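Enquirer: test case, fold it:
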Amino acid sequence: MKDVVGTEQVRTYEAMLALQGACLKLDQVEIGGEHLFADGVYAKTMVVPAGTFAIGARHRFSAIHVLTKGRVEMFDGSGNPPKILTAPHTYVSPAGDKKMGIFTIFVEDGLFLENENFFPDSFK
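Expert: You can find the predicted model right below:
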């Protein structure tokens, strides 16, 4: 991804949306994982191959993320340089958050949030 688009070009939210639109025309990488439910809690796991980048959906709810394996350069659309996250790492993303990650090493990540009134097919 860095060979195609320099990180200076994707630091803003608008640039992230433009890149997302362009990338939807390309072949997509399968990102593995599963959805898990417990009393009042929803968890989603992701397994992302090295060399992949992903642009997430804008989240409707705040969530706790747990990076259990790997390394990712995380862009938040603020215009700031990416944050380098290396496992193990835990962080909270607020409702309305949208991020782009460049996964430089194989990554396993988990996301957790309250599941009251939650429907998996509507989660964003």
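Enquirer: gap between K25 and V41?
Expert: To V41, K25 is 36 Å away according to CB to CB, to the nearest Å. Where you see a C-beta, it was placed from the backbone N, CA and C, and this is true even at glycine.
Enquirer: what residues does T90 make contact with?
Expert: 64-67 (CB atoms under 8 Å, 6 or more residues apart in numbering).
Enquirer: could you look up the SS state of it?
Expert: strand (DSSP: H, G, I helix; E, B strand; the rest coil).
Enquirer: same check, this time on P81
Expert: Taking three-state DSSP, the label given to P81 is coil.
Enquirer: what count of nearby residues applies to it?
Expert: 11 (other CB atoms under 10 Å).
Enquirer: is it true that it touches E73?
Expert: No. Here P81 does not reach E73: they are 9.0 Å apart, not a contact under CB atoms under 8 Å.
Enquirer: which other residues reach stretch 68-88?
Expert: Under CB under 8 Å, 6+ apart, the answer for stretch 68-88 is 7, 10-13, 16, 48, 50, 66-67, 91, 97-110.
Enquirer: at 7 Å instead, please
Expert: Defining contact as CB atoms under 7 Å, 6 or more residues apart in numbering, one finds that stretch 68-88 is touched by 7, 10-13, 16, 67, 98-110.
Enquirer: take the contacts of T90 and keep only those in strands.
Expert: 64-67 (DSSP state E).
Enquirer: out of the residues you listed, flag the one nearest to I55.
Expert: H65 (15.3 Å; CB to CB).
Enquirer: give me the neighbour count for that closest one.
Expert: By other CB under 10 Å, neighbour count at H65 equals 20.
Enquirer: mind starting the numbering at 17 from now?
Expert: Got it, the first residue is 17 from now on, which makes the last one we talked about H81.
Enquirer: now do the contacts for it.
Expert: Neighbours of H81 in contact, by CB under 7 Å, 6+ apart: 106-107, 109, 125-127.
Enquirer: now with 6 Å, please.
Expert: H81 makes contact with 107, 127, according to CB atoms under 6 Å, 6 or more residues apart in numbering.
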